[in-house]
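In: The following comprises the amino acid sequence and a computationally predicted model.
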Amino acid sequence: MTPKKKKIIIIILAILLALLIVAGSIWLLFTIFDGLPAKRRKKKVVIIKQYPTSDVGTTDDDGYSDDYDDYYESVRRELYQKTQNSVVNYVPEYKITSKKWDGPKGYVIVIPKGDKNSKQFAEKIQKYFKKQAGIELEIVTDSEKEQKKEILIGNTNRYKSKLSENEYAVKISGSKLIFEGGHYVMLGKATDWFVTAKYAEGKVNCLTGQTKDFAATKAGGYKYVWGDEFSGLEINNKKWTFANRMAGSALLETRTDEKVASVSQDNLQLRAIRSYRKENPVAQYATMQSLNTMKTMSFMHGYLEMSARVPFISGAWPSLWANSNGALNNTKTDPYTIEVDIFEVFSSVDKLVPNIHKWRGQNTPSQYNTDHIVNGERVPATPYIFENTDNLTNEYHIYGFKWTEKEMTMSVDGKDYMTFDLTKDFDNQDGMDGFKVPISILINNHMFAPDVELINDASNVNNLDLPYEYDIDWIRLYQIPGKGELNLAD
């Protein structure tokens, strides 16, 4: 083969090889780019929606809109359920037994003469039988002639209870239906539980119960004078009213309905919730107005304690406090009114903050935390920090407040952690006579909604943590006989 022919063959082979390389490259690139969309189509993408804005078209008052994302709701419910698993299931402290009875027709209700508490309990029973049986029973005192068919309320001259101070009962003895308790607080519990039980003609619900932690006296000579066990099925409007003393915001409405404040399972149940309502389409959250005793009870000096399960959660702002402004029978005029923060939880997971204030106007407060001077230095109030917080939000603790002429002391489970000195003018203005007046009690389950001002290192609400649950088992006030002041509405 001549050199010329060899050269031609080499050129042809080179061209063919180049064509093969180009073709292979094109095929490889096509395969790669063609495969990418296929892989993307197989990838599962989950998008979790946020809560809808307040301008959704259809809403309900259970707190969530109709277009609330199912996936997001399931996550929220699962996380919330995990926090509830540690809560002790409610077990009633009383037992009910249904027995045959020929009443209420022909019966009369008998109370001890001059006993206001027994009269209130008798009126509840009277209302119950009128509603359930259509019979209105007469209420008389034990000074009247004894009848065969009587419903006895309390220690009458017909019957005196031998129960311990923390026990109560409803029983039949002969032809008498007897409501009894070792203390009038327990008699009230017997009444409250009786009127919540289902009525059946020809029968009556008898019951026995015991409140293990109730005591009529405390160390130091303190005697029970007022309180609420939160039995029955509704808030006692002779002890509590609502007032908007902690204002809401555009996003947070304060309400009085049962979704934010109710009595159930022997507890006052306070709820701060996610909420959408057509009546207020801008608001996205709801909580209670201040539950208070301004129109029903005020006191000066004594020992107040409360058993409660408090939400220690980021964004929550629960509190127990007191105020002289608007308190029943507070007629004294001072240059300021006082506020006593028995405790506040400023969105903390482990800390209570106490304080006392002088208020000289809406925007001129003076508080112990910033104005208390010791040896020329400012000394803040001492918070209470819980050591074990693993299950704190599900635990009941006893929160105490003792008030004497010289001091106000806050405690948890019997342990004092902060004492305020009332003998020294902590801001050197107007003296301390403002702390010598009666105060009323207030309870709040507020929250730091997105448009609520953050204070004391608080954080805004996290929607996954809602609802904030504040459950109060009981609240009790004790005073030393002959000392202090107690004012009760008629």
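Out: In hand now; what should we look at? Numbers count the residues shown, from 1 in each chain.
In: So what's the gap between stretch 424-439 and the chain middle?
Out: Remark: stretch 424-439 is offset 31 Å from the chain centroid, using C-alpha atoms, centre = their mean, to the nearest Å.
In: for stretch 415-427, that is, sorry about that
Out: Stretch 415-427 has its C-alpha centroid displaced from the chain centroid by 27 Å (C-alpha atoms, centre = their mean).
In: Give me the distance between the two termini of that stretch.
Out: Chord length of stretch 415-427, first to last residue, is 28 Å (C-alpha to C-alpha, to the nearest Å).
In: For that stretch, which residues meet the burial criterion?
Out: 417-420, 422, 426 (16 or more other C-beta atoms under 10 Å). Every residue, glycine included, has its C-beta placed from N, CA and C.
In: what's around Ala219, how many residues?
Out: Neighbours of Ala219 under the rule other C-beta atoms under 10 Å: 9.
In: what bits of the stretch 201-350 of the chain have low per-residue confidence?
Out: For the stretch 201-350 of the chain, no stretch is flagged by pLDDT under 70.
In: one step back: would you reformat the buried residues of stretch 415-427 as a markdown table and include secondary structure and distance to Asp490?
Out: Output for those, formatted as a markdown table (DSSP: H, G, I helix; E, B strand; the rest coil; distance: C-beta to C-beta, whole Å):
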| residue | secondary structure | distance to Asp490 |
| --- | --- | --- |
| Tyr417 | strand | 38 |
| Met418 | strand | 36 |
| Thr419 | strand | 36 |
| Phe420 | strand | 33 |
| Leu422 | coil | 31 |
| Phe426 | coil | 37 |
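In: Ser459 versus Asp421, what's the distance?
Out: Noted for Asp421: a distance of 32 Å to Ser459, by C-beta to C-beta, to the nearest Å.
In: List the buried residues in the host helix or strand of Asp192.
Out: Asp192 belongs to helix 184-196 when assigned by DSSP states H and E. Across helix 184-196, burial judged by 16+ other C-beta under 10 Å covers 184-195.
In: what do you get for stretch 398-408?
Out: Within stretch 398-408, the residues that count as buried by 16+ other C-beta under 10 Å are 398-403, 408.
In: Which strand residues bridge the closest residue to Lys436 other than its chain neighbours?
Out: Nearest residue to Lys436 in three dimensions, chain neighbours excluded: Met300, at 7.3 Å (C-beta to C-beta, 6 or more residues apart in numbering). In this entry, Met300 is beta-bridged to Glu485, by DSSP bridges.
In: which ones are touching the spatially closest residue to Thr141 that is not a sequence neighbour?
Out: For Thr141, ignoring the flanking residues on the chain, the nearest one in space by C-beta to C-beta, 6+ apart is Lys113 at 4.1 Å. Counting by C-beta atoms under 8 Å, 6 or more residues apart in numbering, Lys113 makes contact with 141-143.
In: now the stretch 51-200 of the chain, which segments are flagged as low pLDDT?
Out: Under the criterion pLDDT under 70, the flagged ranges of the stretch 51-200 of the chain are 51-88.
In: Quick one: the helices in it, in order.
Out: Remark: helices assigned in the stretch 51-200 of the chain by DSSP state H, counting those that start in this stretch are 70-84, 116-133, 184-196.
In: and the last one, what other elements does it pack with?
Out: In this structure, helix 184-196 packs against strand 94-100, helix 116-133, strand 167-173, strand 176-181, strand 203-210, with contacts taken as 3 or more C-beta pairs under 8 Å, 6 or more residues apart in numbering; DSSP states H and E.
In: Single out the most deeply packed of those.
Out: strand 176-181 (a mean of 23; mean count of other C-beta atoms under 10 Å).
In: Run the angle between that one and helix 116-133 for me.
Out: Orientation check (axes from the mean of the first three to the mean of the last three C-alpha atoms, to 10 degrees): strand 176-181 against helix 116-133 gives 130 degrees.
In: Strand 203-210 and strand 176-181, what's the angle between them?
Out: 20 degrees.
In: Provide the contact partners of strand 176-181 at residue level.
Out: Outside strand 176-181, the residues within contact range by C-beta under 8 Å, 6+ apart are 101, 103, 107, 121, 125, 150-155, 158-159, 161, 163, 167-172, 187-191, 194, 204.
In: Just checking: what are the partner strands of that strand?
Out: Strands that pair with strand 176-181, judged by DSSP bridges, come out as strand 150-153 (parallel), strand 167-173 (antiparallel).
In: Out of those, which gets nearest to Trp226?
Out: With C-beta to C-beta as the measure, strand 167-173 is the member of the strands paired with strand 176-181 nearest Trp226 (18.4 Å).
In: Alpha carbons only: can I get that closest one in PDB?
Out: This file holds the C-alpha atoms of strand 167-173, laid out as PDB (Å, rounded to 0.1, in the frame of the first residue of the first chain):
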ATOM      1  CA  GLU A 167     -65.500  15.100 105.700                       C
ATOM      2  CA  TYR A 168     -69.000  15.600 104.300                       C
ATOM      3  CA  ALA A 169     -72.000  13.500 103.500                       C
ATOM      4  CA  VAL A 170     -75.600  13.300 102.400                       C
ATOM      5  CA  LYS A 171     -77.600  10.500 104.000                       C
ATOM      6  CA  ILE A 172     -81.100   9.300 104.900                       C
ATOM      7  CA  SER A 173     -81.900   8.700 108.600                       C
END
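In: so the residue nearest to Lys436 touches Phe435, yeah?
Out: No. At 9.1 Å, Met300 and Phe435 do not qualify as touching, with contact defined as C-beta atoms under 8 Å.
In: Which neighbours do the two have in common?
Out: By C-beta under 8 Å, 6+ apart, no residue touches both Met300 and Phe435.
In: Now tabulate the helices and strands packed on helix 184-196 in CSV and tack on distance to Asn329.
Out: Formatted as CSV, these follow (distance: least, C-beta to C-beta, whole Å):
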stretch, distance to Asn329
strand 94-100, 36
helix 116-133, 18
strand 167-173, 31
strand 176-181, 29
strand 203-210, 34
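In: Which parts of the chain belong to which domain?
Out: Split into domains by automatic domain parsing, the chain comes to 94-210, 217-488.
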